[in-house]
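J.: A predicted structure for the sequence below; I have some questions about it.
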Amino acid sequence: MSGVGGAEWRCHRECVYLVSAIPLYDTAQQRQPVGVLAVARRLDDAYLSRIGHLLGGRVAIAIHSSPTQPSEADASTDSAILRGSDGAALATIRWIEGVSEPRGATATLYRVKKYLVGSAALVALTSSLAMVFFLRRHLAGFLAALHRLAAGDWNTRVAYTAPDEFGYLARAFNTMAYQLQQAFAEQKRQREQIQAQNEELHALYQQLQVANTELAQLNRDLTEANRALAQAAVTDGLTGLKNHRAFQEALHSLVQMAERLQQPLSLIMLDIDYFKQFNDTFGHPAGDDLLRQVAQVLRDSARAYDVAARYGGEEFALLLPNTTLEQAVQVAERLRETIGAIANPHRAITASLGVATYRGGAAPATLLYEADAALYRAKRDGRNRVCTYHPEAA
């Protein structure tokens, strides 16, 4: 049913044959060929002569099928003897001259071909020029519209309504121009909307800045008010010293620290001598001025970590952390001398002072009681003096 064959020339008894042989297989081509189809055609001298003309020379046919050896007598003007290297004759070569077509017919055919080629070239050139002119004439309108569109003229349209390729291109261009016009109009609208929103946001930002400034000022005022309130809660309004409440808190805190660090803690209780009499004689304003003078003495004499407070009325207290009884007595004596040197316009001022030291394990109230007992003894013994707490005296 199918197969691949070949064709070749064969010379048999001085005749030339074109032979083609094709092997025959079954449909599946799974076995050896079942046969061979051979076809042969005899080629005459005229056909061989035309082949020789095409090849540009003569055709040589080697005739070697004769049972006898070629002889010199077989050689003629149209044949020759082919010999081997030993000089023995191998075959007779017959030459067939190549012949061509008649010269007139060939020239006529050549001229016809030349005219056909020229006519085809002329037609092609004319068609090309016409096509180029046609394209340029129509594309000029498209290019002009495209330049106007690129310059921002969104109303540009191509007026071409013919139902051809250029009409389709014009409709596509007009659709694109319309879509661009709509898109840029929408973009302009959105840009204006965004600009309006930005202006509103800017105005809101300005208002927010003003509100933040006012809020910051209010926070500062509130902080200052809270600080003043906190200060007022622990400060005596007349003298500026710690008040009774702040003194009690400081006393408990310092007692705990002294207990934890095993350090001494002393307390001085101070009372202005005959203050009630001074107040009744010279008036309450004079008494207030005297209280402020004594408070200033305590403030100037106290260290940074000492606690000076107005305990109540004309009575003051001074807590001395990390201070022994002897050191506290020295501080009390300096206070007594400094108060006695106050330049009061009404009369000389004196003070009585009691000193006590914290004893480990005792309650804070015990230290206060012992210092107050020492103060009471100083007043009982004649005032204007410093007394320390002694359990037996108490």
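T.: Structure's in. What do you need?

J.: other SSEs contacting the host helix or strand of residue 184?
T.: Secondary-structure assignment from DSSP states H and E places residue 184 in helix 165-234. Using 3 or more Cβ pairs under 8 Å, 6 or more residues apart in numbering; DSSP states H and E, the elements in contact with helix 165-234 are helix 103-150, helix 244-261. C-betas here are computed from N, CA, C, even on glycine.

J.: Low-confidence regions, the stretch 51-200 of the chain specifically.
T.: Where the stretch 51-200 of the chain drops to pLDDT under 70, the residues are 52-80, 82-85, 90-106.

J.: The same query, at a cut-off of 50, please.
T.: 65-67, 73-75 (pLDDT under 50).

J.: Can you say which helix or strand has residue 51 in it?
T.: Assigned by DSSP H and E, residue 51 falls within helix 45-55.

J.: what's in contact with stretch 296-316?
T.: Here stretch 296-316 makes contact (Cβ atoms under 8 Å, 6 or more residues apart in numbering) with 236, 238-244, 246-247, 250-251, 254, 269-272, 275-276, 287, 291, 294-295, 317-321, 331, 334-335, 338-339, 342, 375.

J.: Now do the buried residues in that stretch.
T.: Neighbour counts over stretch 296-316 (16 or more other Cβ atoms under 10 Å) mark 297-298, 301-302, 306-311, 314-316 as buried.

J.: re the thing from before, any chance of the helices and strands packed on helix 165-234 in TSV, plus mean neighbour count and distance to residue 210?
T.: Shown next, in TSV, are the helices and strands packed on helix 165-234 (neighbours: other Cβ atoms under 10 Å; distance: least, Cβ to Cβ, whole Å):
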stretch	mean neighbour count	distance to residue 210
helix 103-150	11	48
helix 244-261	16	40
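
J.: Just send those helices back as JSON lines, with distance to residue 366 too.
T.: Converted to JSON lines, these look like this (distance: least, Cβ to Cβ, whole Å):
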{"stretch": "helix 103-150", "distance to residue 366": "100"}
{"stretch": "helix 244-261", "distance to residue 366": "9"}
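
J.: Just to be sure, residue 86 is in a helix?
T.: No: secondary structure of residue 86 (DSSP: H, G, I helix; E, B strand; the rest coil): coil, not part of a helix.

J.: now residue 379: how far from residue 274?
T.: 10 Å (Cβ to Cβ, to the nearest Å).

J.: Mind checking what secondary structure residue 38 has?
T.: Classification of residue 38 using three-state DSSP returns strand.

J.: That one: what's it in contact with?
T.: 19-22 are the contacts of residue 38 under Cβ under 8 Å, 6+ apart.

J.: What separation do you get for the closest residue to residue 246 other than its chain neighbours and residue 335?
T.: Spatial nearest neighbour of residue 246, chain neighbours left out: residue 234 (3.5 Å); criterion: Cβ to Cβ, 6 or more residues apart in numbering. According to Cβ to Cβ, residue 234 stands 22 Å off from residue 335.

J.: do the same with residue 138
T.: 116 Å.

J.: Can you check what angle separates whatever helix or strand residue 270 lives in from helix 244-261?
T.: Here residue 270, judged by DSSP H and E, is contained in strand 265-272. If you take axes from the mean of the first three to the mean of the last three Cα atoms, to 10 degrees, strand 265-272 sits at 150 degrees to helix 244-261.

J.: What's the mean pLDDT across strand 265-272?
T.: Strand 265-272 shows a mean pLDDT of 96.

J.: Strand partners (parallel or antiparallel) of that strand?
T.: If you go by DSSP bridges, strand 265-272 pairs up with strand 315-321 (antiparallel), strand 351-357 (antiparallel).

J.: can I get the CA coordinates of that strand in CSV?
T.: Output of strand 265-272 as CSV, limited to C-alpha atoms (Å, rounded to 0.1, in the frame of the first residue of the first chain):
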residue,chain,number,x,y,z
LEU,A,265,16.2,60.7,113.1
SER,A,266,15.7,63.8,115.3
LEU,A,267,12.8,66.1,115.8
ILE,A,268,12.8,69.7,117.0
MET,A,269,9.5,71.3,118.2
LEU,A,270,9.6,75.1,118.5
ASP,A,271,7.2,77.5,120.1
ILE,A,272,7.3,81.3,120.1
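
J.: Which other helices and strands does the very next helix or strand once past it contact?
T.: Downstream of strand 265-272, the first helix or strand assigned by DSSP H and E is helix 275-282. Contacts defined by 3+ Cβ pairs under 8 Å, 6+ apart place helix 275-282 against helix 284-301.

J.: now the angle between helix 275-282 and the helix it packs on, please.
T.: Calculated by the same axes, to 10 degrees, helix 284-301 forms an angle of 130 degrees with helix 275-282.

J.: Quick check: what element follows helix 284-301 along the chain?
T.: Later in the chain than helix 284-301, the nearest helix or strand by DSSP H and E is strand 307-312.

J.: what sits up against stretch 243-257?
T.: Residues outside stretch 243-257 that contact it (Cβ under 8 Å, 6+ apart): 233-236, 242, 263, 265, 267, 307, 309-312, 317, 319, 321, 358, 363-364, 367-368.

J.: can you check stretch 216-233 too?
T.: Residues outside stretch 216-233 that contact it (Cβ under 8 Å, 6+ apart): 245-246.

J.: before we move on, the earlier item: report the angle between the axes of the helix holding residue 184 and strand 307-312?
T.: If you take the same axes, to 10 degrees, helix 165-234 sits at 60 degrees to strand 307-312.

J.: follow-up on the earlier one: need the winner for burial among the strands paired with strand 265-272.
T.: strand 351-357 (a mean of 27; mean count of other Cβ atoms under 10 Å).
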